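1. Just a sequence and a predicted model for now, questions to come.
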Amino acid sequence: MADVAEVVTGPEAPVVIDPERERRVRLAWEGSFRLVVGLALLLVQLLVTYDGVAWLQVILALGGIYGIFTGVGQLIRAAFGSRVDPTVWISMVWLAILVLFVFLQLGGLFDSLEADFQDRERPPSFTTDEPLGTDRLGKSVMNQSIRGARISLIVGLGAVGIGLAVGSVIGMSAGFFRGATEGTFNIITDAVLAFPALILLFSIVAIFGGSVLVITLALSVLSIPTMGRLSRANTLTFAAREFVTAAKAMGASNSRILFREIMPNVALPLASYAFIVVAVVIVAETSLAFLGVGIDPISTPTWGNMIQEGRDPNLLEKAPHIVFVPGVMMFCTVLSLNRIGESLRALWDPREAKL
Amino acid sequence: MKTIGRTIIRIIPVLILVSFFSSFYVELLPGDPAIRLLGQERAQEPGARELVNRELRLDENVIVRYGKWLGDALTGDLGESVRTHGLKVSDTIRQRLPITLELTVVAQAFALILAIPLGVYAAYRAGRRADRALNAASFAAISLPQFLVGILLIFVLFNQLDLLPPQGWTRLTEWDWWDHSRRLIMPVVALALTEIAVFQRLLRADMMATLQNDFVLTAKAKGMSPSHILFRHALRPSSFSLITLAGVSTGRLIGGTVIIEVLFQLPGIGLKMVDSITGNDLVVLQGLVLVVAVAYIMLNMLVEITYALLDPRIRRG
């Protein structure tokens, strides 16, 4: 070891170099370099206006985001060691920022949604009071996007929460009692999941109208059988384990076994899967709005409504930010939820963990 | 045989539930269905409401109505649109289904053509830089909803580069192949992107498991080239779940083309479905929902049966 160090640093410095430390320092340098280049690209992109070649801008922006993303990732690995997955960290930071802005808005900041016809389709510019521009009616794109984030989070968490609460109880009962309970459960979940999802949602919304409550309930119609099947499958494996037999032998009641013995074990894999389902629900909600059958666009701005409004090719030419601001926010949110869910799933699923 | 029987038996209650739901669709709507279907003005016309009630058999017993509706549906009569007089739902489907099917099949073929080499390559270079890059790209593609891909394509290929028309369709019967394929590119890519990512990840995982086998080592020891081993020896045993998934997702795509058809204004089943919801043309919607749902369920069943025939382990289990 000492010989190597001597060759590297010369005879004047008899310090033993820790290869791990050296690797981290190199990682930190590379990370900072990427971060700086990424920020520079993004800055250049923002300074150029949309009159120029916008596809070049898109490439610059994507390159900048890639640089920042990988740079921050390397810095995190340099600081905390390579066992931490930086993409999971970045995902959590993004979700935290999103929630923070939603609460800031609830507290009264970025809350104005007033239309200003003198100031329509203004492009994003960080030097003005509308950093992300205005839409077709002159409403602030940023404020609307934050409102959209709020709706998406409410719908996503609401639908999955209902799915978890109802689905886990039904699924656990099906897996624990077997027999007729399980048979009925299978037929109903089969029927619901065999139906094309988007068309089912579509029909429900057409019947009951598009409000936040209806959409949440409609989406929970899909999340209940999904969560139910998952908890049934998990219950089946746990119900055969020794600790359940032991509890039965000690005369524990069925409800005690279900809620005190099985539920804590089923809850963990279910919770990790829930992140992915929240992402699916958010995409579904946005898709509905995109088709024009979502939450009422006049009273409530959502990501889907904004994208629907700005997707016309002519408007896309003049003001692409109306689509791309909520689009990018939505993509980041879905990506983060998927990434966190995936890493949690790898933790609880021993088959995946070994790979 | 037992699995096939069981699959078919399991599908029957699902089909009954689905058709029941489709036939009672109108009933579930708030308010007088006749007024809702016709709109306030036309409902005032003499005889108009009676016509609707007769057409939808609203004056009959619930069970009788379901029986008659199902009987009609089974013989191919899905009723007529109340809004646009005389347009038969079955004709609408005959005109529009080929477009939706073409989109689905072309997108699926495109996805498989790209995903198979990518998946094989990722498994071959597992853990290396190329594999990690592919993994990250496919993860991002999975998180990218179809409509965003579509809008991005329109923005770049139409607004910026002006290479492709943004919306609309040329029928194959007009024999303008050039225009037809130009209009097909963006919808197909938007549909296929997620599929490519999903297929690639699945094939990579299965392929990596196959490459652990002894026969791969034997082939290597015999000095065969990597591409020969990968494509001639390892691909076939690794492609079971890929085939299954491709079948299932073809069914899903038939329902999933709705978004792409609306975005690119392609006159398929999906666009009509959205139009009939916004236009309150519920007889049409009923028929379309039934056809799509049944096609989806049947396709899933077919995949399950094929899989059971191909893989003896499933058959016994």
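-> That came through fine.

2. Number of residues surrounding the closest residue in space to A:Val212 that isn't next to it in sequence?
-> With CB to CB, 6 or more residues apart in numbering or on different chains as the measure, A:Ile295 is the residue that lies nearest to A:Val212, at 5.8 Å, once sequence neighbours are left out. For glycine as for every other residue, the C-beta is placed from the backbone atoms N, C-alpha and C. The local packing count at A:Ile295 equals 25, with neighbours defined by other CB atoms under 10 Å in any protein chain shown.

3. wait, does whichever strand or helix holds B:Gln286 contact chain A?
-> Taking DSSP states H and E as the criterion, the element that holds B:Gln286 is helix B:282-310. Yes. Between helix B:282-310 and chain A, judged by CB under 8 Å from any CB of the partner chain, the touching residues are B:285, B:289, B:292-293, B:296-297, B:300.

4. one step back: hang on, the residue nearest to A:Val212 in a helix?
-> No. With DSSP: H, G, I helix; E, B strand; the rest coil as the criterion, A:Ile295 is assigned coil and is not in a helix.

5. What separation do you get for A:Gly81 and B:Arg10?
-> In this structure, A:Gly81 and B:Arg10 are separated by 50 Å, where distance is defined by CB to CB, to the nearest Å.

6. Which one's more surrounded, the two?
-> Higher neighbour count among A:Gly81 and B:Arg10: B:Arg10, with 15 against 10, using other CB under 10 Å.

7. quick one on the thing from earlier: phi and psi next, for the residue nearest to A:Val212.
-> Torsion angles at A:Ile295 (phi, psi; degrees, to the nearest 10) stand at phi -70, psi 140.

8. List the contacts of it.
-> For A:Ile295, the contacting residues are A:151, A:210-212, A:215, A:285, A:289, A:302, A:304-305, by CB atoms under 8 Å, 6 or more residues apart in numbering or on different chains.

9. Out of these, which end up buried?
-> Buried subset of those (neighbour count, 16 or more other CB atoms under 10 Å in any protein chain shown): A:151, A:210, A:212, A:215, A:285, A:289, A:302, A:304-305.

10. hmm, back to that, now intersect the contacts of A:Ile295 with the helices, please.
-> Judged by DSSP state H, those include A:151, A:212, A:215, A:285, A:289, A:304-305 as members of helices.

11. Tell me the one among those residues nearest to chain B.
-> For chain B, the nearest member of the ones in helices among the contacts of A:Ile295 is A:Gly304. The distance, counting by CB to the nearest CB, is 8.7 Å.

12. Not counting its neighbours along the chain, what's nearest that closest one?
-> What sits nearest to A:Gly304 in space, not counting adjacent residues and going by CB to CB, 6+ apart, is A:Ala289, at 2.5 Å.

13. can you tell me how far that neighbour sits from A:Trp303?
-> Applying CB to CB, the value for A:Ala289 to A:Trp303 is 7 Å.

14. ok, now B:Gln160?
-> For B:Gln160, the distance to A:Trp303 - CB to CB - is 23 Å.

15. The two: which has the busier surroundings?
-> A:Trp303 (28 against 18).

16. which residues sit in contact with that one?
-> Contact partners of A:Trp303, counting by CB under 8 Å, 6+ apart, are A:145, A:148-149, A:151-152, A:286, A:289, A:326-327, A:329-330.

17. May I ask which two of those residues are separated the most?
-> Farthest-apart pair in the contacts of A:Trp303 is A:Ile151 and A:Gly327; separation 15.4 Å (CB to CB).

18. Point me to the residue of chain A nearest chain B.
-> Of the residues in chain A, the one nearest chain B is A:Pro196, at a distance of 3.1 Å by CB to the nearest CB.

19. That residue is in contact with B:Val294, isn't it?
-> No. Counting by CB atoms under 8 Å, no contact exists between A:Pro196 and B:Val294, whose distance comes to 10.4 Å.

20. Between the two, tell me which one has more neighbours.
-> For A:Pro196 against B:Val294, the residue with the higher neighbour count under other CB under 10 Å is A:Pro196, and the figures read 23 against 17.

21. quick one, phi psi at that one?
-> Dihedral angles of A:Pro196 (phi, psi; degrees, to the nearest 10) stand at phi -60, psi 120.

22. Now do the contacts for it.
-> Shown here is A:Pro196, whose contacts under the criterion CB under 8 Å, 6+ apart are B:252, B:254-256, B:292-293, B:296.

23. Give the single residue among the residues you listed positioned nearest to B:Ser81.
-> The shortest approach to B:Ser81 among the contacts of A:Pro196 belongs to B:Val292, at 17.1 Å (CB to CB).

24. Isn't the closest one up against B:Ile269?
-> Yes. The criterion here is CB under 8 Å, and B:Val292 meets it with B:Ile269 at 6.4 Å.

25. Need the residues touching each of the two.
-> B:Ile254.

26. Please spell out which residues along the helix ranked longest in chain B are buried.
-> Among the elements of chain B assigned as helix by DSSP H, the one spanning the most residues is helix B:89-124. Buried positions in helix B:89-124, judged by neighbour count with 16+ other CB under 10 Å: B:89-90, B:92-93, B:96-97, B:99-104, B:106-108, B:110-112, B:114-116, B:118-124.

27. Give me the helices and strands touching it, please.
-> Using 3 or more CB pairs under 8 Å, 6 or more residues apart in numbering or on different chains; DSSP states H and E as the contact definition, the elements that helix B:89-124 packs against are helix B:129-142, helix B:177-210, helix B:235-238, helix B:240-264, helix B:269-278, helix B:282-310.

28. can you state the direction angle for it and helix B:282-310?
-> Between the axes of helix B:89-124 and helix B:282-310, defined by axes from the mean of the first three to the mean of the last three CA atoms, to 10 degrees, the angle is 40 degrees.

29. chain center to helix B:89-124: distance?
-> Helix B:89-124 sits 9 Å away from the centroid of its parent chain (CA atoms, centre = their mean, to the nearest Å).

30. same check, this time on stretch B:78-95
-> Centroid separation between stretch B:78-95 and its chain, computed with CA atoms, centre = their mean, is 22 Å.

31. Now do the end-to-end distance for it.
-> Distance between the boundary residues of stretch B:78-95 (CA to CA, to the nearest Å) amounts to 14 Å.

32. average pLDDT for that stretch?
-> The average pLDDT for stretch B:78-95 rounds to 76.

33. List of residues touching that stretch?
-> By CB under 8 Å, 6+ apart, the residues outside stretch B:78-95 that reach it are B:37-38, B:51-52, B:55-56, B:72, B:76-77, B:267, B:269, B:272, B:279-284, B:286-288, B:290-291.

34. Going through those residues, which ones are buried?
-> Among those, those scoring as buried are B:37-38, B:52, B:56, B:267, B:269, B:272, B:280-284, B:286-288, B:290-291 (criterion: 16+ other CB under 10 Å).
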